[in-house]
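Asks: Sequence plus the predicted model coming up.
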Amino acid sequence: MSVAQELEPTADIIFPPGDIESDEPPLESDLHLRQIILLLQCLELWWQNRNDFYAAGNLTIYYSQRQLKSEEFRGPDFFVVLGCEKNRAKVG
């Protein structure tokens, strides 16, 4: 059996409708993602001897005084935090 045959839909699979309304902005293109990566790589190279910044992109930033994740948040394409310890978060 080929991979294509294994992936053919069966009667057990229910697909959602394709006309779902959404208020979300459209996803970025491949070019947009590559531009963010290039910007991060350039900044990391330019500031390779600095340990007082954090730069990232496509992350949600919460800034609620009440520490609520349901209010006051943004998801910028790119951001830099100065005057902090350069630290990569460990996941898992």
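Replies: Looks like it arrived, so ask away. Residues are numbered from 1 along each chain as shown.
Asks: Got the phi and psi for Phe79?
Replies: When read as degrees, to the nearest 10, the backbone of Phe79 gives phi -150, psi 160.
Asks: Is it bridged to anything, and to what?
Replies: Judged by DSSP bridges, the bridge partners of Phe79 are Ala56.
Asks: so it makes contact with Gly57?
Replies: Yes - at 7.1 Å, Phe79 counts as touching Gly57 under the criterion of Cβ atoms under 8 Å. In short, each C-beta sits where N, CA and C put it, glycine included.
Asks: longest helix of this protein?
Replies: Longest helix of the chain, by residue count under DSSP state H: helix 30-46.
Asks: what is the mean pLDDT for that helix?
Replies: Helix 30-46 carries an average pLDDT of 90.
Asks: Residues touching that helix, excluding its own?
Replies: For helix 30-46, contacts defined as Cβ atoms under 8 Å, 6 or more residues apart in numbering pick out 55-58, 77-78, 80.
Asks: can you do 10 Å?
Replies: By Cβ atoms under 10 Å, 6 or more residues apart in numbering, the surrounding residues in contact with helix 30-46 are 27-29, 50, 53, 55-58, 77-78, 80, 86.
Asks: Which stretches in the protein count as helices?
Replies: Using DSSP H, helices in the chain cover 3-6, 30-46.
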